[in-house]
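Undergrad: fold the following, please.
(chains A and B)
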Amino acid sequence: MANDKKLVEEITSMNVDFAQWYTDVVKKAELVEYSSVRGCMIIRPYGYAIWENIQKDLDARFKATGHENVYMPMFIPESLLQKEKEHVEGFAPEVAWVTHGGAEKLTEKLCVRPTSETLFCDHYANIIHSYRDLPKLYNQWCSVVRWEKTTRPFLRTMEFLWQEGHTAHATAEEAQEETIKMLNVYANFCEEVLAIPVVKGRKTDKEKFAGAKATYTIESLMHDGKALQSGTSHNFGDGFAHAFDIQYTDKDNQLKYVHQTSWGMTTRMIGALIMVHGDDSGLVLPPMVAPLQVVVIPIAQHKEGVLEKANEIKERLSRIARVKIDDSDKMPGWKFSEYEMKGVPVRLEIGPKDIEKNQAVLVRRDSREKLIVSLDELEEKVTELLKDIQKGLLEKARALRDSKTYRAVTLDEFEKTINETPGFIKAMWCGDQKCEDMIKEKTGATSRCIPFEQENISDKCVCCGGKAEKMVFWGKAY
RNA sequence: CGGGGUGUAGCGCAGUUGGUAGCGCACGUGGUUUGGGACCAUGGGGCCGGAAGUUCGAGUCUUCUCACCCCGACCA
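TA: This is a model prediction of the structure:
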């Protein structure tokens, strides 16, 4: 089958070496360049454009649910970070410290924010006085720093871009509602825009955020069967409010503590896009986040009329899609490969033969299927095709995830499955962290989430055989 | 932080018993080409990761260091 032929020799095949494939794609698609700064990456224009599209769509969803953007300082004084015990214990091992300003030693060292709960709390304590001030629905787009030991582009870097939402509410019910609402915003965004199917659920206590009462997560599955935590939404209860003394006067003239949430999504999602949709020829981007949706490639562009026609087409399509024309003097074949590596959803070829017949050739990136369309109905066909690709990618990703989702009743079965066919494993759990630890030790898999959609696989815990409480998604994670 | 590996042109690599650095791709220029990574000609590019040492002489030998990659542990 011609479609299966590997056309780009410079990308390692996925099933030969998945990690190398990932690195090759990231480099060849010009998403990232390694920098001189250890553990930090340069996000190149094409990679950053994907992030901008993610930002734009997510930001609109945040605004639509009543949130406002703010900006907090990037430094946190040590004393402020220390205020919530569990939180500081969770983050202290991986924060970067600023100890000097110029030549002068600081009296109190500052950490470079690993996350901004403490700053938001400090601020909320100052601006929240009455129930009339609630809720506070804030979000910020920024970068954070975590001193990671090993790093990989997009998946784990010492500095990464993200958004962090921080909200304060009058009641526990409202905070819980917000936590779930934002989890759903993430889940819908992943499926509708990134075409990545997710499993929604709650984290076990072992896996929850430092300082949270409950952490909810969306989990996705990569091509190699590893799980990726794709977005989290935390309910803090009133724990931070007590630590930071965030109180308001309620209608009944009583002083009450606020209930808070936080939620975040990061540039890691670009890594997810690569590992969910990519293939041996490189990146495959869902049209909704693709920086370029259509690339126009003139064939035999030196011949009379070709470039003119190609430009005319580009102008026409610019009104309905993100389009570029590549009229460089590279060979057409070179251009085909180039834009395949970059995952551009649709390629439009236009040459002398097409012009004669008033047609163009459209090629889908996902299936490589070629369509010959009349220039008279170009706009309609391209619109339709982009929609179709977006839909097809989600379906394909869902089918892949489902095919890599297994169930296990015994620990032996669990171990065998995770080693032979990596993926999600659905198995029952008694709720005891000892069993979670044991599973991790024996199989290397961690609990990904307790899904909202429960199934009864067995009455017994997969590990200890005790009474099963919940069905849990397990997997090896990035 | 443990285990393994690699540092020589932008990228991928070669470099023999120590003798003063080469190949492919990429890049510049001129020309011919153009429907799946074209060809010919010609040109430019290097403190051999860094420091110290041995030597008349180090890419090569010794010591120390730094960085990166892969596999674990930890995290988004």
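Undergrad: where are the low-confidence patches of chain A?
TA: A:1-10 (pLDDT under 70).
Undergrad: what kind of secondary structure is the spatially most central residue of it in?
TA: Residue closest to the mean C-alpha point of chain A, counted by C-alpha atoms, centre = their mean, is A:Met269 at 2.2 Å. Secondary structure assignment for A:Met269 (DSSP: H, G, I helix; E, B strand; the rest coil): helix.
Undergrad: what's the spacing between it and A:Ser116?
TA: Distance, A:Met269 to A:Ser116, by C-beta to C-beta, to the nearest Å: 19 Å. Just so you know, the C-beta spots here come from the backbone N, C-alpha and C atoms, and that holds for glycine as well.
Undergrad: before we move on, the earlier item: pretty sure the residue nearest to the centre of chain A is touching A:Leu194, no?
TA: Yes: taking contacts as C-beta atoms under 8 Å, A:Met269 lies within contact range of A:Leu194: 6.4 Å.
Undergrad: domain assignment for chain A?
TA: In terms of domains, chain A is parsed into A:9-277, A:294-391, A:405-475 (source: automatic domain parsing).
Undergrad: need the phi and psi values for the most far-flung residue of chain A relative to its centre.
TA: Most distant residue from the mean C-alpha position of chain A: A:Glu304, 45.9 Å away (C-alpha atoms, centre = their mean). Per-residue torsions, A:Glu304: phi -60, psi 130 (degrees, to the nearest 10).
Undergrad: how much space separates it from A:Ile355?
TA: 10 Å.
Undergrad: same check, this time on A:Asp327
TA: For A:Asp327 relative to A:Ile355 (C-beta to C-beta), the value is 15 Å.
Undergrad: ditto for A:Phe160
TA: Distance of A:Phe160 to A:Ile355, computed by C-beta to C-beta: 47 Å.
Undergrad: over to A:Ile297?
TA: A:Ile297 is 14 Å from A:Ile355, by C-beta to C-beta.
Undergrad: over to A:Tyr186?
TA: According to C-beta to C-beta, A:Tyr186 stands 46 Å off from A:Ile355.
Undergrad: ok, these two, which is more surrounded?
TA: Using other C-beta atoms under 10 Å as the criterion, A:Tyr186 and A:Ile355 rank with A:Tyr186 on top: 24 against 20.
Undergrad: element containing the more buried one?
TA: helix A:172-192 (DSSP states H and E).
Undergrad: whatever helix or strand comes next after that helix - contacts with which helices or strands?
TA: Sequence-wise, the next helix or strand downstream of helix A:172-192 (DSSP H and E) is strand A:199-202. Other helices and strands packing on strand A:199-202, by 3 or more C-beta pairs under 8 Å, 6 or more residues apart in numbering; DSSP states H and E, are helix A:172-192, strand A:214-221, strand A:446-451.
Undergrad: could you tell me how far strand A:199-202 lies from the centre of the chain?
TA: In terms of C-alpha atoms, centre = their mean, to the nearest Å, the centre of strand A:199-202 is set 15 Å apart from its chain centre.
Undergrad: what strands flank it, and is each parallel or antiparallel?
TA: The strands that strand A:199-202 pairs with in its sheet are strand A:214-221 (antiparallel), strand A:446-451 (antiparallel) (by DSSP bridges).
Undergrad: which of those strands has the highest mean neighbour count?
TA: strand A:214-221 (a mean of 25; mean count of other C-beta atoms under 10 Å).
Undergrad: now tabulate the domains of chain A in TSV and tack on distance to A:Leu285.
TA: Shown next, in TSV, are the domains of chain A (distance: least, C-beta to C-beta, whole Å):
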stretch	distance to A:Leu285
domain A:9-277	7
domain A:294-391	4
domain A:405-475	24
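Undergrad: dump the ones you listed to TSV, plus distance to RNA strand B.
TA: Listed next are the domains of chain A as TSV, based on distance: least, C-beta to the nearest atom of the strand, whole Å:
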stretch	distance to RNA strand B
domain A:9-277	3
domain A:294-391	3
domain A:405-475	5
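Undergrad: nearest to A:Ala399, out of these?
TA: Taking C-beta to C-beta, domain A:9-277 is the member of these nearest to A:Ala399, at 9.3 Å.
Undergrad: toward the C-terminus, what is the element adjacent to the lengthiest helix in chain A?
TA: Using DSSP state H to define each element, chain A has its longest helix at helix A:378-403. Toward the C-terminus, helix A:378-403 is succeeded by strand A:405-407 as the next helix or strand (DSSP H and E).
Undergrad: just after that next one, pick out the following helix or strand.
TA: Next along the chain after strand A:405-407, taking DSSP H and E as the criterion, comes helix A:411-420.
Undergrad: what residues does that following helix touch?
TA: Identification of contacts with helix A:411-420 by C-beta atoms under 8 Å, 6 or more residues apart in numbering yields A:406, A:408, A:423, A:425, A:427, A:439, A:442-445, A:462-463, A:474-476.
Undergrad: which one (most neighbours) among the residues you listed?
TA: Going by other C-beta under 10 Å, A:Gly475 tops the contacts of helix A:411-420 with 29 neighbours.
Undergrad: surely it meets A:Thr421?
TA: No: judged on C-beta under 8 Å, A:Gly475 makes no contact with A:Thr421 at a distance of 11.5 Å.
Undergrad: shared neighbours, these two?
TA: A:Gly225.
Undergrad: buried residues, stretch A:246-265. List them.
TA: By neighbour count on 16 or more other C-beta atoms under 10 Å, the buried set for stretch A:246-265 is A:246-248, A:256-265.
Undergrad: how far does it sit from the chain's center?
TA: Using C-alpha atoms, centre = their mean, the offset of stretch A:246-265 from its chain centre is 30 Å.
Undergrad: with just CA atoms, put it into PDB.
TA: These are the backbone C-alpha positions of stretch A:246-265, laid out as PDB (Å, rounded to 0.1, in the frame of the first residue of the first chain):
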ATOM      1  CA  ILE A 246      -9.000  34.600  54.000                       C
ATOM      2  CA  GLN A 247     -12.300  35.500  55.700                       C
ATOM      3  CA  TYR A 248     -15.400  37.300  54.700                       C
ATOM      4  CA  THR A 249     -18.400  38.600  56.500                       C
ATOM      5  CA  ASP A 250     -21.500  36.700  55.400                       C
ATOM      6  CA  LYS A 251     -25.100  37.900  55.200                       C
ATOM      7  CA  ASP A 252     -25.600  36.800  58.700                       C
ATOM      8  CA  ASN A 253     -22.800  39.000  59.900                       C
ATOM      9  CA  GLN A 254     -20.600  36.000  60.700                       C
ATOM     10  CA  LEU A 255     -16.900  35.800  59.700                       C
ATOM     11  CA  LYS A 256     -16.400  32.800  57.400                       C
ATOM     12  CA  TYR A 257     -13.600  31.200  55.500                       C
ATOM     13  CA  VAL A 258     -13.700  31.100  51.700                       C
ATOM     14  CA  HIS A 259     -13.600  27.900  49.800                       C
ATOM     15  CA  GLN A 260     -11.100  27.800  46.900                       C
ATOM     16  CA  THR A 261     -10.200  26.000  43.700                       C
ATOM     17  CA  SER A 262      -7.300  26.000  41.300                       C
ATOM     18  CA  TRP A 263      -6.900  24.400  37.900                       C
ATOM     19  CA  GLY A 264      -4.200  24.300  35.200                       C
ATOM     20  CA  MET A 265      -3.300  23.200  31.800                       C
END
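Undergrad: I appreciate the help and will end here.
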